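**Student:** Got a predicted structure here, sequence first:
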Amino acid sequence: MSSLALSRADILDQPAPSIAGEVARIAREELAPLAAGIDEGTVYPAEVLRKFGSVGAWGSHVPHEGPADLRCAIQAMAAIGEVCGATAFMAWCQNTLVWYAANSPNVKLAKRFGDAFSTGRVLGGTGLSNPMKSFFGIEKLKLKGRKVEGGYIVRGALPWVSNLGPDHYFGTIFEREDEPGSASGAPGTVMFLADCSDPAITLTPCKPFLAMDGTGTYGVQFRDVFVPDELILADPAAPFVKKIRAGFILLQAGMALGVIKDCINIMGEVDAPLGHINRYLPQQPVHFNELAAELEAETMALARDPYNEEETYWRKVIALRLRAGEASVAAAHAAMLHCGARGYLKGHRAQRRLREAYFVAIVTPATKQLRKMLADT
């Protein structure tokens, strides 16, 4: 593979196994030595993220003449997650940013940012945690905006947005203060790209997390930020969110599959010294191999058709995401028990996997939100 970033056309011509295989190789050779530092928060792997982009990891799910296919993106993310769950999360952030731009009806925006995001030349994330909760009645939108000539003025703060830096972008949503959005009087919403280099946007480091501290996660303050029309992803936002929501959630399956697969690897690694006693544990690697295969098969089937508007499809996406989060925690729990005391050492990756698995279960949409969504659907 060339060290130069591939164009979007080149990426689309790459066979899925080639992309996922290259991603797996880079993850083993270049990401693995950084995993402990990323977990501790001393490393943000910008160059490795760009390297993944250069071999097509962020571009395979870009819609091509209508349809979109998320399978390769999920497989590549799983390969990353098998080495480092925190980086798989950053991969999801980058993939969702690409997903937003690629699906935007703003043709100029898509043309301006499409290749930059999908090749990894420009990195960034997703600020939809609060909006996704808002759309399902859990929180109120934290950003407010009003129309001015040539764009909007936006104010407010988001507590956690990931895969950010001073030259990064992310997508998020504000509520219009100046005009109701429907006959019911509900406020209108607008989705836009936030430019972290804007002097009116402040990134504030978060307090230390249980894990994932190297993910470029910040609190973001908007102080009367001018958002030009050129950075509007969708106005109104609601129909656009309905279009991208399945992809947003399905892509997260890559994080889960990667963590589960490495937990199976961990259990296998301790089989020789501890298999004689571990056989008394109720959950064995064979059980998780079967579960991972089921989850992967279902994910790949759903990932072929992310624009499916049927309610039965949407319920399947939610249910799969719920199972994936719960399976991640179960697999990491089993890996810890199989390792015993050696897995309890700070330097052992079993305890890192347990902390990463809990993140898969609580990142938006979290387990409790998914259960609410199923109940409401």
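**Tutor:** That came in fine, so what should we check first?
**Student:** residues of stretch 249-267 that come out buried?
**Tutor:** 249-264, 266-267 (16 or more other Cβ atoms under 10 Å). Where C-beta positions appear, they are placed from N, C-alpha and C, glycine not excepted.
**Student:** Stretch 365-376: how far from the chain's middle?
**Tutor:** Centre-to-centre, stretch 365-376 and its host chain are 18 Å apart (Cα atoms, centre = their mean, to the nearest Å).
**Student:** mind listing which of the buried residues of stretch 249-267 are in strands?
**Tutor:** Among these, no member falls in strands (DSSP state E).
**Student:** so what's the residue most central in space within the chain up against?
**Tutor:** What sits nearest the mean C-alpha location of the chain, by Cα atoms, centre = their mean, is Trp92, with 2.5 Å. For Trp92, the contacting residues are Met77, Thr126, Leu251, Gln252, Gly254, Met255, by Cβ atoms under 8 Å, 6 or more residues apart in numbering.
**Student:** Just the pLDDT for the third one.
**Tutor:** Reading off the per-residue confidence, Leu251 sits at a pLDDT of 98.
**Student:** my read: it touches Tyr100, true?
**Tutor:** No: here Leu251 does not reach Tyr100: they are 11.7 Å apart, not a contact under Cβ atoms under 8 Å.
**Student:** Which one of the contacts of Trp92 is nearest to Ala293?
**Tutor:** Checking the contacts of Trp92 against Ala293 by Cβ to Cβ gives Gly254 as the nearest, at 15.5 Å.
**Student:** rewinding a little: so which of the buried residues of stretch 249-267 are in helices?
**Tutor:** Cross-referencing the buried residues of stretch 249-267 against helices under DSSP state H gives 249-250, 253-264, 266-267.
**Student:** residue contacts, Glu47?
**Tutor:** So Glu47 contacts nothing (Cβ under 8 Å, 6+ apart).
**Student:** For my notes, confirm it occurs in a helix.
**Tutor:** Yes: the assignment for Glu47 (DSSP: H, G, I helix; E, B strand; the rest coil) places it in a helix.
**Student:** and it, how far is that from Ala36?
**Tutor:** 17 Å (Cβ to Cβ, to the nearest Å).
**Student:** same question, Trp58
**Tutor:** 25 Å.
**Student:** what about the nearest residue to Val43 once chain neighbours are set aside, how many residues close to it?
**Tutor:** Leaving aside its chain neighbours, Val43 sits nearest to Gly37 (3.5 Å; criterion: Cβ to Cβ, 6 or more residues apart in numbering). Using other Cβ atoms under 10 Å, Gly37 has 14 other residues around it.
**Student:** Gly214 is in contact with Gly37, correct?
**Tutor:** Yes: Gly37 lies in contact with Gly214 (Cβ under 8 Å); the separation is 6.5 Å.
**Student:** Which neighbours do the two have in common?
**Tutor:** Joint contacts of Gly37 and Gly214 (Cβ under 8 Å, 6+ apart) are Val43.
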